[in-house]
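J.: give me a 3D structure for the following:
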Amino acid sequence: MRNVSIDNLSQALEDVLNDYREEVTEDLKSDIMDAAKFCKSEIQRRSPKDSGEYKRGWRIKKQFENSSVLRVVIYNAKKPSLTHLLEKGHPIIGRKTKKIIGVAKAVPHIEPAEQAAEKKLINAIEIDVK
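T.: Next comes the predicted model:
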């Protein structure tokens, strides 16, 4: 602890708060990346395993980052059009008849992983901010 004159108190407080903000921001960005990696691995673990290409296609991308913000997206680079169909299920349409011949059941793998990652991130943020 250092001695601060009353004339310099405002600047000293500002310095301490800026240091705290920078430290917390870096910790939060690290927590966000950890949660994204966890989410990606959970999605891969839960993904349907037909050929394995869909399962191996998951990626993490930093969408935007500056000194105080980090936005991350998790996406499937190999089979992006399958994510909604597999997550929610869909009708199977015959190629020749163009009629519904069955229904592909939903395989929820994205939403459960997202919820688990969200809980993990909230817990990490609570620890960092305390």
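J.: against Thr25, how distant is the spatially closest residue to Glu114 that is not a sequence neighbour?
T.: Nearest residue to Glu114, sequence neighbours excluded (C-beta to C-beta, 6 or more residues apart in numbering): Cys39, at 6.2 Å. Every C-beta, even on glycine, is put in place using the N, C-alpha and C of the backbone. Using C-beta to C-beta, to the nearest Å, Cys39 is found at 21 Å from Thr25.
J.: more neighbours: these two, which one.
T.: A direct count of neighbours by other C-beta atoms under 10 Å for Cys39 and Thr25 places Cys39 higher, at 23 against 15.
J.: what sits against that one?
T.: Going by C-beta atoms under 8 Å, 6 or more residues apart in numbering, Cys39 touches 74, 113-114, 116-117.
J.: so where's the chain uncertain?
T.: Residue ranges of the chain with pLDDT under 70: 1-2.
J.: can I get the buried part of the contacts of Cys39 as one PyMOL selection?
T.: Buried members of the contacts of Cys39, identified by 16 or more other C-beta atoms under 10 Å, are gathered into one PyMOL selection as follows:
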select buried, resi 74+113+116+117
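J.: what's the closest of the contacts of Cys39 to Gly94?
T.: The nearest member of the contacts of Cys39 to Gly94, counting by C-beta to C-beta, is Ala113 at 32.7 Å.
J.: tell me which element that closest one is part of?
T.: Using DSSP states H and E, the element containing Ala113 is helix 110-129.
J.: got phi/psi on the spatially most central residue of the chain?
T.: Residue closest to the mean C-alpha point of the chain, counted by C-alpha atoms, centre = their mean, is Ala36 at 3.7 Å. Backbone torsions for Ala36, taken as degrees, to the nearest 10, come to phi -60, psi -40.
J.: please enumerate the strands of the protein.
T.: Taking DSSP state E, the strands of the chain run over residues 58-65, 70-76, 90-93, 100-104.
J.: deepest in the core, which of those strands is it.
T.: Mean neighbour count (mean count of other C-beta atoms under 10 Å) peaks for strand 70-76 among those, with a mean of 16.
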